[in-house]
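Visitor: no FASTA, just this:
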DNA sequence: TAGTATCG
DNA sequence: GACG
């Protein structure tokens, strides 16, 4: 009981899969993400309206990528700096999606968040997707993060949990629109990334499925 | 308010 | 000084 996840307040829509990827798989993923970042360099997102910089740097792979700039949040097919299309989502992540989001249409975006030591992410909802029926699937790589999750109202109570390298979190069902964020990254807790920090990969379906016909 | 500083 |  001591180590089990309390279901309140996110209900049974939050699934925590600790140790989903073993070390070897994590190393492969890091290599694949490094390749993606070589093609689509990390960019510096800023808050809409205020232009204040995020402490997290981002890139994407997949047909669509999430960006934030002075004009707002949106998904777009091109890197904001280079104008190039995003690189493909690694097969290993498509396999993960098939495993934990079976039945959902294929993911269109994989947001790559890089947390250098000291970077954080405030409490927020993932709600820029047109199709909110598919879950959001998150992979943690590198240093352990202190993750905070609440309910669908910003004022709802929150709980925190540590996300270690290789852990997977699925936000689906009544947790699909749960507020969540990263309070801090615990330096020196992983040897996966040579220079420390944390990579977080989140797979999302963005557009509704269009039926053939 | 997907930020950050500050405060209790 | 850590935490929320």
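Guide: Structure's in. What do you need? Because the structure is a prediction, the values reported are computed rather than measured.

Visitor: who touches the closest residue to DNA strand B within chain A in this structure?
Guide: Residue nearest to DNA strand B within chain A: residue A:122 (1.8 Å; Cβ to the nearest atom of the strand). Yep, even glycine has a C-beta here, placed from its N, CA and C like the rest. For residue A:122, the contact set (Cβ atoms under 8 Å, 6 or more residues apart in numbering) comprises residue A:181.

Visitor: did I read that right, it in a strand?
Guide: Yes - secondary structure of residue A:122, determined by DSSP: H, G, I helix; E, B strand; the rest coil: located in a strand.

Visitor: What does the pLDDT read for it?
Guide: If you check residue A:122, the pLDDT there is 93.

Visitor: What of the one 3 residues further on?
Guide: Looking at residue A:125, its pLDDT stands at 94.

Visitor: Look up the closest residue to it, ignoring the ones flanking it.
Guide: Distances taken as Cβ to Cβ, 6 or more residues apart in numbering place residue A:177 nearest to residue A:125, at 5.2 Å, with adjacent residues excluded.

Visitor: Doesn't the one you found belong to a helix?
Guide: No - counting by three-state DSSP, residue A:177 is not part of a helix but coil.

Visitor: next one: phi and psi at it?
Guide: phi -110, psi 20 (degrees, to the nearest 10).

Visitor: Helices of chain A, start to end?
Guide: A:23-39, A:91-100 (DSSP state H).

Visitor: Enumerate the positions of the longest one that are buried.
Guide: The one in question is helix A:23-39. A:26, A:29-30, A:32-33, A:36-37 (16 or more other Cβ atoms under 10 Å).

Visitor: which ones are touching residue A:149?
Guide: A:10, A:14, A:158-161, A:175, A:178-180.

Visitor: filter these to the buried ones?
Guide: A:10, A:14, A:158, A:161, A:175, A:178-180.

Visitor: of all the residues you listed, which two lie farthest apart?
Guide: Greatest spacing in these, by Cβ to Cβ: A:161 and A:179 (14.1 Å).

Visitor: Save the helices of chain A as TSV, and put in distance to DNA strand B and mean pLDDT too.
Guide: Listed next are the helices of chain A as TSV, based on distance: least, Cβ to the nearest atom of the strand, whole Å; pLDDT from 0 to 100:
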stretch	distance to DNA strand B	mean pLDDT
helix A:23-39	17	98
helix A:91-100	17	98
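
Visitor: start to end distance for stretch A:36-51?
Guide: 26 Å (Cα to Cα, to the nearest Å).

Visitor: ugh, wrong one, I meant stretch A:37-56
Guide: Span of stretch A:37-56 from end to end, Cα to Cα: 14 Å.

Visitor: Can you give me the buried ones in it?
Guide: For stretch A:37-56, by 16+ other Cβ under 10 Å, it's A:37, A:40, A:43, A:45, A:54, A:56.

Visitor: Touching that stretch from outside, list them.
Guide: By Cβ under 8 Å, 6+ apart, stretch A:37-56 touches A:57-61, A:65, A:67-73, A:79-82, A:84, A:86-87, A:112-116, A:118-121.

Visitor: This completes my enquiry, with thanks.
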